[in-house]
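[1] this one's sequence-less:
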């Protein structure tokens with residue numbers, strides 16, 4: 001399969017997404033047939049398929065394919081598309097498990113997988129335990145299938161260990177990041193560097209850096225290109241997560257993304273919260289410590305938290321951090337001299353990752 005997505009002005013990212021979705025649908029259709037033939041529960045594949053269909057921008061998959069183009073990839077895109085699609089199954093695993101650990105009520109406008117399974121079982125204490133267990137197993141299968149799909153990418157013998165080594169490193173980094181997020185660190189919630197460390201492990205590397213490097217590895221790139229993708233990927237990945245955390249608390253200017261309560265109720269260790277605790281006066285700091293992390297936090301109290309984060313300057317400082325990382329990415333791109341189509345696509349992805357668009 002050739003790409004059919006490169007024009008003189010850039011790479012058609014919507015076409016890339018369509019190709020990745022086609023790979024996922026074909027793979028999961030095969031899994032559904034296999035499950036039917038072996039008498040396995042059909043709802044497992046259906047749950048993963050519905051989760052993927054519910055939304056998501058396919059950022060990681062698109063970044064992977066763009067990394068392939070940037071590293072000189074051309075011609076048959078079959079291998080890189082299968083690597084890219086495997087990343088979306090990995091993301092499904094990570095998000096399903098993340099929702100279990102946070103006991104999130106929803107994901108992408110639908111009940112979280114464990115909540116949906118709990119409801120199917122009746123909603124009592126036993127249903128809560130079994131629903132979480134069922135979702136855990138569905139997430140595990142999504143991870144197994146991600147790795148299985150990765151193995152179907154036909155890679156040159158010399159590129160196989162590089163691609164799989166990068167993939168394994170990404171898995172390990174995300175697990176350590178999730179551990180830090182769940183268990184915390186020995187530093188307080190006002191420690192900005194601690195919040196950034198969680199982002200780097202849990203999100204930044206797996207969202208931008210490793211997908212770029214995976215695509216480049218499929219194309220046969222060397223160490224220099226990999227280093228450039230680290231210089232580009234980590235700040236862009238950090239900016240992506242910081243923006244996401246801002247949207248969760250404040251929503252979007254156009255109202256399409258509404259302010260949420262989940263991060264505030266969870267007491268999530270975000271850059272926004274760390275800056276809020278640093279910038280707030282003593283009275284405001286006490287209110288933040290009293291309100292953030294309460295499972296029963298109401299909208300009126302969340303509005304008070306938002307006001308403190310706004311008036312203390314924490315929201316503005318958080319926006320500055322995003323801007324500084326975006327500008328850092330542009331400087332790296334200016335120096336990198338990637339092929340024009342890839343350069344345009346990377347700049348578009350930088351905007352998508354750092355600036356809210358409905």
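    Perfect, thanks for sending it. Just so you know, these numbers come straight off a predicted model, no measurement behind them.
[2] specify the local secondary structure of the most centrally placed residue in the chain.
    Compute the mean C-alpha point of the chain, and by Cα atoms, centre = their mean the closest residue is residue 207, 5.2 Å away. Three-state call for residue 207 (DSSP: H, G, I helix; E, B strand; the rest coil): helix.
[3] what's the spacing between it and residue 222?
    To residue 222, residue 207 is 23 Å away according to Cβ to Cβ, to the nearest Å. (Glycine included, C-beta is placed from N, CA and C.)
[4] check residue 203 too.
    Distance, residue 203 to residue 222, by Cβ to Cβ: 27 Å.
[5] the two: which is more packed in?
    residue 203 (23 against 11; other Cβ atoms under 10 Å).
[6] ranges for the helices of the stretch 1-150 of the chain?
    Here the stretch 1-150 of the chain has its helices, by DSSP state H, counting those that start in this stretch, at 13-38, 42-53, 59-70, 78-102, 113-120, 125-151.
[7] tell me which of the ones you listed sits most buried.
    Of all the helices of the stretch 1-150 of the chain, helix 59-70 has the most neighbours on average by mean count of other Cβ atoms under 10 Å, namely a mean of 28.
[8] other SSEs contacting the one helix or strand residue 224 maps to?
    Using DSSP states H and E, residue 224 sits within helix 223-250. In terms of contact count using 3 or more Cβ pairs under 8 Å, 6 or more residues apart in numbering; DSSP states H and E, helix 223-250 is assigned the packing partners helix 59-70, helix 192-199, helix 210-218, helix 262-266, helix 271-279, helix 299-311, helix 314-336, helix 340-354.
[9] now render those as a markdown table, adding distance to residue 44 and mean pLDDT.
    Below are the helices and strands packed on helix 223-250 laid out as a markdown table (distance: least, Cβ to Cβ, whole Å; pLDDT from 0 to 100):
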| stretch | distance to residue 44 | mean pLDDT |
| --- | --- | --- |
| helix 59-70 | 22 | 95 |
| helix 192-199 | 31 | 90 |
| helix 210-218 | 26 | 97 |
| helix 262-266 | 26 | 87 |
| helix 271-279 | 36 | 95 |
| helix 299-311 | 36 | 96 |
| helix 314-336 | 38 | 96 |
| helix 340-354 | 32 | 90 |
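[10] closest to residue 240 out of those helices?
    Smallest distance to residue 240 across the helices and strands packed on helix 223-250 (Cβ to Cβ): 4.1 Å, for helix 340-354.
[11] contacts for stretch 223-232?
    Stretch 223-232 is contacted by residues 67, 70-71, 208-209, 212-213, 216-217, 329, 332-333, 336, 346 when judged by Cβ atoms under 8 Å, 6 or more residues apart in numbering.
[12] cool, thanks, signing off.
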